[in-house]
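*Asks:* quick one, structure for this:
(2 chains)
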Amino acid sequence: MQSLRDIGSRYNDLQDAADELKAALRKCKNKEERGHLRQKLTDKKQELRRFKASLAGQELQAYKDYHMIRREIKRCEMLKRFDKTGSKVFRVINPVYIYMFPAAFHSVFFTLMPFIFMIVGAFFKLDLVDIKSSKFVKLWNFYMVLVRDDEFWRAFGNTFLFAVLTVFLLMVVTVLMSSWLSKNTKIHNIAQTMIFTPHISSMVAVGILWVLMLDPQGIINQILAFFGIKGPNWLMDSRTSLFSVALVTVWKSIGYYCLIIIAGLQSLPKDVYEAAKLDKAGKWTILRKITLPLLTPTLSFVFIMKFINSFKSFAAIDVMTQGGPQGSSMVLGYWIYNAGRVKFNYGFAMVGSIVLTIMVAACTALANKGFKKED
Amino acid sequence: MADIHLQNIVKIYGISKNQKKRRGIFSKEKELPAKRAVDDVTLTIPHGSFTVLVGPSGCGKTTMLRMIAGLEEITDGKIMMADIDITNLDPGDRGLAMVFQNYALYPHMTVRENIEFGLVNARIPRFEIKERVDHALDVVGLTEYAMRKPAKLSGGQRQRVALARAIAKYPECFLMDEPLSNLDAKLRSEMRTELIQLHEELKSTFIYVTHDQIEAMTMGTNIVVMNEGKIMQQGTPTEIHNDPNCVFVAQFVGDPGMNIVPVADYQVGFRPRDVEFDCAVADDDHVILRCNVKSFENHGSEFLYQLDTPEKIFVKEMSKTQRPLTDMLTVRIHRKNLYVFGRDGKRIYVNEEVGKAYAEFKRHWQPV
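*Replies:* A predicted model of the protein is given here:
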């Protein structure tokens, strides 16, 4: 019968010896000596195993506990070593560069280089198949697009019109919708989920669905006919095509923007609403005088971002109208695609892209300036 | 006069099904046990009084205030203002004004617009609004800040704006929900005196919620001590301090609270201040305690000693010199300064029982 402490010391002695042998084995280069050491090490391990086998009950438990303690100490030492090497490495290399690398790689190769290529390419009559046969044409591309091409200017105007339409529709719908949905009951949660679903599905699927629905004999016109209204030929009419596409884009993004606005609503201070209640404010007054002013920062940020983003819209137009009857739903994004990938006039497409870039940059700069003032 | 009567007010949280709580994804939904935040309270708040609801946190005092304001639904009971039942009235129609703990100013409006908002909603003519706002700003001394936004004011100024917003409504009753707890100590005592002056000036009812018993004692004319949704005692500050009717009130009021010593079937209490030091002459009307000192606090002009006993006993000495901690402390307590409570914490007024408790206390604690 050994006392439990003796078991611990014996176990530790054996383990220490084994560890020493292991360290020696790691250092040793001589082949013969290595074999010798390895033999010794296996002996020690055997001894340890036999020692363990000779124990039972409480003693075995003590052995296990000592084993766990030893492992824990070893682990902590290892972690300390890890920390030390980590700090050593990061003292030499600033970790910022490591974190930055993926993003930097992405922006250089997929944004900056194409951007430069776009600017240079705009001065050439490009042939992407046989790049050597490209010709330097000075400002000819710019002249053709900006002066001679009526459709381009139409697309330019349409882009703005489309952005204004989407943002206006979206703003009205989402503000009303989210002030209704911001409560936290079962019905509201279900409604939130339903509204959010279109955002997850792809624009192409949504577009195809709406093409069917907006067909002259489609479901929407059937419903209108039920009320005795003769619906327009939504997508094929040059007067309604842009509006129809804007409607679909809005429908798809309601959920997403609602979610943002609901988050904004729920972060508004509660006691202000209680104060308003004591100030005899009705529901309409609260919405007009309290909620909207308090929500303005969120709203303006969200909708300016949406405005800028809708300059880039492409998929909806491509699926639903392909630029629409007589270019009535042609926006810049689709015009660029059309000039480059359909008509193979890459020079023109690049000029269009430059114009679009300038537009987006100007709007973003304006927005940034506006937001800075508010702070 | 518009006294406010609360009749058998009850507030129970956690009975509606929406308030089921769910922790983690796989754990079962379990219903919260219904909690009585305010438990069958009947209370009369006299017109023109400065009523302070005081109690430890979670005792239901804020809930009660919010029920009076109409911000919280009442589970059962009735609130009467004079002879009008206001239980189901909208908050705006009750003729009350409330000052919130974190001011609850409208951040997008200027100070003037903040004060005007309630008046405009009450459809008060414009010339009168102007008059009232100017008066309110004058009372709180913020006339030159009228065109500022709340974000550009300091904490004390914001609190004043909230006050002005309440004053401009000419309410029957001011409700204040810990309005001073966000201010720093010095500003707090300043605002305290200002509130007292304001109360004297306006002569309307103030209902003031606080957990700070010093605030309650200094400001209130009518103090309501609450615990666990029930009213423990109501009375003037002097009554509350000198004549507590239960152990809870005795221990809650005072800094530190009353020392409570269990003796046989009684609990005997005395205030830390009501002791004489270094008096070992025993007689019938005095009890003498001799103890070691466990720790002390220096309050500047007075010293607070904790005695080395199983119960926490503090004694306070008005002195500028500190006693050596190694010495035994001898204190003498007069019989009239002893309060006797029963096992259930209720005060005992019966003379015989008080005498019995006194004898027991003397037998247990006085060194032979």
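*Asks:* who touches the nearest residue to B:Val247 once chain neighbours are set aside in this structure?
*Replies:* Nearest-residue entry for B:Val247: B:Gly345, 4.1 Å, with adjacent residues in sequence omitted and distances by Cβ to Cβ, 6 or more residues apart in numbering or on different chains. All C-beta spots, glycine's among them, are computed from the backbone N, C-alpha and C. Residues in contact with B:Gly345 (Cβ atoms under 8 Å, 6 or more residues apart in numbering or on different chains) are B:246-248, B:267.
*Asks:* strands - which of those residues land there?
*Replies:* B:Gln267 (DSSP state E).
*Asks:* out of the contacts of B:Gly345, which two sit at the greatest distance?
*Replies:* Greatest spacing in the contacts of B:Gly345, by Cβ to Cβ: B:Phe248 and B:Gln267 (11.4 Å).
*Asks:* looking at those two, which has the bigger crowd around it?
*Replies:* Using other Cβ atoms under 10 Å in any protein chain shown as the criterion, B:Phe248 and B:Gln267 rank with B:Gln267 on top: 25 against 21.
*Asks:* now for the more buried one: which residues touch it?
*Replies:* By Cβ under 8 Å, 6+ apart, the contact set of B:Gln267 is B:247, B:260-261, B:340-343, B:345.
*Asks:* so how do I select the buried members of the residues you listed in PyMOL?
*Replies:* One line in PyMOL is enough to select the buried ones among the contacts of B:Gln267; burial here means 16 or more other Cβ atoms under 10 Å in any protein chain shown:
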select buried, chain B and resi 247+260+261+340+341+345
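*Asks:* TSV for the contacts of B:Gln267, including distance to B:Gln101 and secondary structure?
*Replies:* As requested, the contacts of B:Gln267 are exported to TSV (distance: Cβ to Cβ, whole Å; DSSP: H, G, I helix; E, B strand; the rest coil):
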residue	distance to B:Gln101	secondary structure
B:Val247	29	helix
B:Ile260	32	strand
B:Val261	37	strand
B:Val340	38	strand
B:Phe341	34	strand
B:Gly342	37	coil
B:Arg343	38	coil
B:Gly345	31	coil
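*Asks:* need the contacts of B:Gln267 in CSV with pLDDT, can you?
*Replies:* Formatted as CSV, the contacts of B:Gln267 follow (pLDDT from 0 to 100):
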residue, pLDDT
B:Val247, 92
B:Ile260, 91
B:Val261, 88
B:Val340, 91
B:Phe341, 91
B:Gly342, 89
B:Arg343, 88
B:Gly345, 87
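*Asks:* so which of the contacts of B:Gln267 comes closest to A:Ile73?
*Replies:* Proximity of the contacts of B:Gln267 to A:Ile73 (Cβ to Cβ) peaks at B:Ile260, which lies at 50.6 Å.
*Asks:* any idea what that closest one is bridged to?
*Replies:* B:Gly269 (DSSP bridges).
*Asks:* list the contacts of it.
*Replies:* B:247, B:250-251, B:267-269, B:311, B:341.
*Asks:* if you set the cut-off to 7 Å instead, what comes out?
*Replies:* Taking Cβ atoms under 7 Å, 6 or more residues apart in numbering or on different chains, we find B:Ile260 in contact with B:247, B:251, B:267, B:269.
*Asks:* contacts only, for the first one.
*Replies:* If I follow you right, that is B:Val247. Residues near B:Val247 by Cβ under 7 Å, 6+ apart: B:260, B:267, B:341, B:345.
*Asks:* from those, which is closest to chain A?
*Replies:* In terms of Cβ to the nearest Cβ, no member of the contacts of B:Val247 lies closer to chain A than B:Gly345, at 35.9 Å.
*Asks:* what backbone torsions are found at the closest one?
*Replies:* Main-chain torsions, B:Gly345, degrees, to the nearest 10: phi 90, psi -10.
*Asks:* next: B:Asp344.
*Replies:* Backbone torsions of B:Asp344, given as degrees, to the nearest 10, read phi -80, psi 0.
*Asks:* next: B:Gln233.
*Replies:* When read as degrees, to the nearest 10, the backbone of B:Gln233 gives phi -160, psi 150.
*Asks:* what's the pLDDT at A:Tyr143?
*Replies:* Looking at A:Tyr143, its pLDDT reads 87.
*Asks:* got it, and B:Met1?
*Replies:* Model confidence at B:Met1, given as pLDDT, is 58.
*Asks:* again, but for A:Cys76
*Replies:* On pLDDT, A:Cys76 comes in at 95.
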